[in-house]
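Engineer: Based on what follows, work out the 3D shape:
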Amino acid sequence: MSLSRAVRVVSVMAALACVALLVWALLDAFRYPVESLATRVPSRTSLMRTREAQAQRAGRPHAIRQRWLGYERLSPLLRRAVLIAEDDAFFAHGGLDWNELRVSARANLEARKVVRGGSTITQQLARNLYLSDQRTLTRKLTEMVLAWRLERALSKRRIFELYLNLIEWGDGVYGADAAARHWFGHSASELTPREATALAAVIINPRRFSPVAPSKRIERRIRMIARRLERRGALTAEQTNQALGLPPAERPDAAPADSMELSPPEPMPAAEPALDSAGLSPPELP
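Structural biologist: A predicted model of the protein is given here:
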């Protein structure tokens, strides 16, 4: 067989493999009843079951702490902080943020390891609800299809409400209200600027990082989140100082936002029309 013919055969086989993976992801993603999430919440998510199984294999107890708190009762400051930390374009995209995926892929290729995630809030919710924590191409494709389905079955507000009530915020701690009570001793409706920004900052790895004893990396994230909140009018200068643990009269030094930590650096220009169509204006977000 000539070299050119061999290359063509390999190319065809690779294309067929890609098609097969896509078909598998589509079939897998349509197994899940995402439409039911409009009116009900699962008692256990895939992530919860995974953590239970991991604890059982390790021979240690694993109690699940999760309390539902309606969207309106969740701290508005926490909602804003989480959007900044995890998915600043949430109200503008349709489940997938292609710009963020491109930027993340470039950063990961340059670093030759995963240094930046590209998953939107909708993708994270899909993964937590239904999928394993294994990093495989088929799982990623299924996650993307599920995110597309969630965006068409549910409102943005419902997706965000589910996300805030179901994501992991510590070992056995799920949802904002359980997290607030576990870490700070009160409801997620009563969070201070420091508490809200710290909770948002640790979502990147809530089992490794603590919002009450933050590492240097988490302190940097808290600082970036607080400054963006202040620039957008969600925090006063005094509240920003409080979030940073500074005396009221002291101003934090200016520092550039680390684009490797938070993404995108500023809201996308297309975000405001999307917010308007959802019945929200930027000052009211979220």
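Engineer: residues in contact with the residue nearest to residue 81 when sequence neighbours are not counted?
Structural biologist: Take residue 81 and drop its neighbours on the chain: the residue closest to it by CB to CB, 6 or more residues apart in numbering is residue 200, 3.7 Å away. C-betas here are computed from N, CA, C, even on glycine. Each residue near residue 200 by CB atoms under 8 Å, 6 or more residues apart in numbering is listed here: 78, 81, 82, 84, 85, 86, 221, 225.
Engineer: Most widely separated two among the residues you listed?
Structural biologist: Using CB to CB, the two most remote members of these are 78 and 221, lying 14.4 Å apart.
Engineer: Between the two, tell me which one has more neighbours.
Structural biologist: residue 221 (26 against 23; other CB atoms under 10 Å).
Engineer: The more buried one sits in which helix or strand?
Structural biologist: If you go by DSSP states H and E, residue 221 is part of helix 216-231.
Engineer: right, and the helix or strand after that helix?
Structural biologist: helix 237-243.
Engineer: Tell me, how many residues neighbour residue 57?
Structural biologist: If you count neighbours by other CB under 10 Å, residue 57 ends up with 8.
Engineer: oh, I was asking about residue 236
Structural biologist: As a burial measure, residue 236 scores 12 neighbours (other CB under 10 Å).
Engineer: could you pull out the helices for the stretch 1-150 of the chain?
Structural biologist: 3-29, 46-58, 76-86, 98-111, 121-130, 137-153 (DSSP state H, counting those that start in this stretch).
Engineer: Just want the angle from the second one to helix 121-130.
Structural biologist: Direction vectors for helix 46-58 and helix 121-130, defined by axes from the mean of the first three to the mean of the last three CA atoms, to 10 degrees, enclose an angle of 50 degrees.
Engineer: For helix 46-58, buried residues please.
Structural biologist: 46, 47, 48, 51 (16 or more other CB atoms under 10 Å).
Engineer: hang on, residue 235 packs against residue 226?
Structural biologist: Yes. Residue 235 is within contact range of residue 226, at 6.4 Å (criterion: CB atoms under 8 Å).
Engineer: distance of the residue nearest to residue 56 when sequence neighbours are not counted from residue 44?
Structural biologist: Nearest residue to residue 56, sequence neighbours excluded (CB to CB, 6+ apart): residue 62, at 7.4 Å. Plainly put, residue 62 is 12 Å away from residue 44 if you go by CB to CB, to the nearest Å.
Engineer: residues in contact with residue 51?
Structural biologist: 62, 168, 171, 172.
Engineer: Could you count how many residues lie near the third one?
Structural biologist: Residue 171 has 14 neighbours, counted by other CB under 10 Å.
Engineer: Over to it. Which of the three states is it?
Structural biologist: coil (DSSP: H, G, I helix; E, B strand; the rest coil).
Engineer: Excluding residues flanking it in the chain, which one is nearest it?
Structural biologist: Spatially, and ignoring its direct neighbours in sequence, residue 171 is nearest to residue 207 (5.6 Å; CB to CB, 6+ apart).
Engineer: I'd assumed residue 168 was in contact with that neighbour.
Structural biologist: Yes. Using CB under 8 Å, residue 207 is in contact with residue 168, at 7.0 Å.
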